[in-house]
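Participant: Quick one: sequence and predicted model below, then my questions.
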Amino acid sequence: MEANASKRTLLVRCLIVNGDLLVNENRLTEALHLFRDACEIQEEAVGAEPESVYHRSTLASVLASRGRAAQASGARDEARQSYARAAELSATMGAQFPSQRYSQACYIALLIPLSPPAARDSLGFEAISALRLAIEGGYDNRDAMDRDADLESLRGREDFRKLMASID
């Protein structure tokens, strides 16, 4: 019997935790395999219930985890594709959920070091714009913005520093 979409999403959440543990143990090949399987399962859940924010946000999350594992293992193209898809999914939910705009900014920021130098500034601008929209929408976790490693590629940007200064 096939599991319904909610059960698939719950399974994927468990796979994300297991995959993250494997990454922490530097077992990248195993983690990447797990994240790939989780993405496949979650794509089915999204296909079954495309309007579900829960399913789409879980897919974005597992894509980001797959991107981190792929990047750490040297699979730059897979990492770039994973982050880009995660950013696209988060953008579809951003107007309703400011935390998804924040996630979108993080995923775009993760793309920056993997992208050609000519594309980096426009990606940085796009990430800052998403972060600004998150803040304007009510996202106010300053601690996360200050410490989140996903935003590291933005920290040297003047527009990032100005945005952070504006919310003090």
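Facilitator: Great, that's in hand. Numbering: from 1, shown residues only.
Participant: doesn't residue 109 make contact with residue 152?
Facilitator: Yes - counting by Cβ atoms under 8 Å, residue 152 touches residue 109, with 7.3 Å between them. In short, each C-beta sits where N, CA and C put it, glycine included.
Participant: quick one, which of these two is more surrounded?
Facilitator: Between residue 152 and residue 109, residue 109 has the larger neighbour count (other Cβ atoms under 10 Å), namely 28 against 12.
Participant: That one and residue 157: what is the separation?
Facilitator: Using Cβ to Cβ, to the nearest Å, residue 109 is found at 10 Å from residue 157.
Participant: Need the residues touching each of those two.
Facilitator: Contact criterion Cβ atoms under 8 Å, 6 or more residues apart in numbering; residues shared by residue 109 and residue 157: residue 124.
Participant: Nearest residue to residue 126 in space, please, no chain neighbours.
Facilitator: Using Cβ to Cβ, 6 or more residues apart in numbering and skipping the chain neighbours, the partner closest in space to residue 126 is residue 108 (5.3 Å).
Participant: neighbours of residue 72, just the number please.
Facilitator: Neighbour tally, residue 72, other Cβ under 10 Å: 14.
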